[in-house]
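[1] Could you work out the structure for the sequence below:
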Amino acid sequence: MSESERMGHQQERITGAVGAQGRHGPVAQGRVVPQGRVGERVPSVGAPRARRSPHGGGGEPAARRPGAGVVAAVLLGPLVVGAGVDALLGQGPGWGVALGATTGAVLASLAAVRRRSLGWVAPLPVLAVAAVTAGAMLTSRGPWATRLVRWAVAVFPAMAAAECAVAVVALTVVVLRFGVKRRGRA
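    The predicted structure is shown next:
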């Protein structure tokens, strides 16, 4: 294939026309955009793409990110186990819930960092602790207001520990990303 034929094919592929006397009629603003080397293969639609670095160049295969269901399961799993341990010991929400909530919050935050959705996961540990431990409040005896206050006092440390864990993960991510960007400039 001659150079002029190749250029004609490139122009037709980009603009839909060959020129003023082309088969598709006159082209007012057509331009030739180089398509790469002659023998270069173009990936087909649906083919796996390589993830490119934001700094240019090629990349490694696209990494799989955990879905929202995985993040929710990672958050709730340790929390439910901790609540179960507290229930087996015959006490209200205590150390088991606090440890489970903190572990679940750290794991869910790490998974959310990989998904780039940490802002979505940050408020969830408090809601998860409230939902999982609400059964303890509903099954206890006494006036409604007293049960609600006891529940809030018993569950607050678990909520605080879980949110502190999310904050530590978020701050670590910010420091690491900022450090990597600063190191790249030096």
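
[2] Let me know the secondary structure of residue 66.
    coil (DSSP: H, G, I helix; E, B strand; the rest coil).

[3] Distance of it relative to residue 113?
    10 Å (C-beta to C-beta, to the nearest Å). To be clear about C-beta, it is placed using only N, CA and C from the backbone, and glycine gets the same treatment.

[4] Repeat that for residue 107.
    Applying C-beta to C-beta to residue 107 and residue 113 gives a distance of 11 Å.

[5] Likewise for residue 122?
    For residue 122 relative to residue 113 (C-beta to C-beta), the value is 11 Å.

[6] now swap in residue 89 and tell me
    In terms of C-beta to C-beta, residue 89 sits 34 Å off from residue 113.

[7] Neighbour count: the two, which is higher?
    residue 113 (18 against 11; other C-beta atoms under 10 Å).

[8] so what's the more buried one closest to, chain neighbours aside?
    residue 173 (5.4 Å; C-beta to C-beta, 6 or more residues apart in numbering).

[9] The helix or strand harbouring that neighbour - contacts with which helices or strands?
    In this structure, residue 173 is located in helix 144-185 according to DSSP states H and E. Packing partners of helix 144-185 (3 or more C-beta pairs under 8 Å, 6 or more residues apart in numbering; DSSP states H and E): helix 95-115, helix 118-121, helix 124-139.

[10] just the ones you listed: most buried one?
    When those are scored by mean count of other C-beta atoms under 10 Å, the highest mean neighbour count falls to helix 95-115 (a mean of 23).

[11] can you give me the angle that helix makes with helix 144-185?
    40 degrees (axes from the mean of the first three to the mean of the last three C-alpha atoms, to 10 degrees).

[12] What is the least confident helix or strand in the chain?
    Using mean pLDDT, DSSP states H and E, helix 3-15 stands out as the lowest-scoring helix or strand of the chain, at a mean of 57.

[13] need the contact list for residue 180.
    Going by C-beta atoms under 8 Å, 6 or more residues apart in numbering, residue 180 touches no other residue.

[14] what's the average pLDDT for stretch 72-92?
    Stretch 72-92 shows a mean pLDDT of 88.

[15] Quick one: low-confidence residue ranges for the chain.
    Counting by pLDDT under 70, the chain shows low-confidence ranges at 1-65, 181-186.

[16] at 90 what do you get?
    1-75, 83-84, 86-87, 89-94, 111-124, 131-142, 144-154, 173-186 (pLDDT under 90).

[17] re the thing from before, can I get the helices and strands packed on helix 144-185 in JSON lines with distance to residue 161?
    Shown next, in JSON lines, are the helices and strands packed on helix 144-185 (distance: least, C-beta to C-beta, whole Å):
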{"stretch": "helix 95-115", "distance to residue 161": "5"}
{"stretch": "helix 118-121", "distance to residue 161": "16"}
{"stretch": "helix 124-139", "distance to residue 161": "9"}
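
[18] does residue 91 sit in a helix, a strand or a coil?
    coil.
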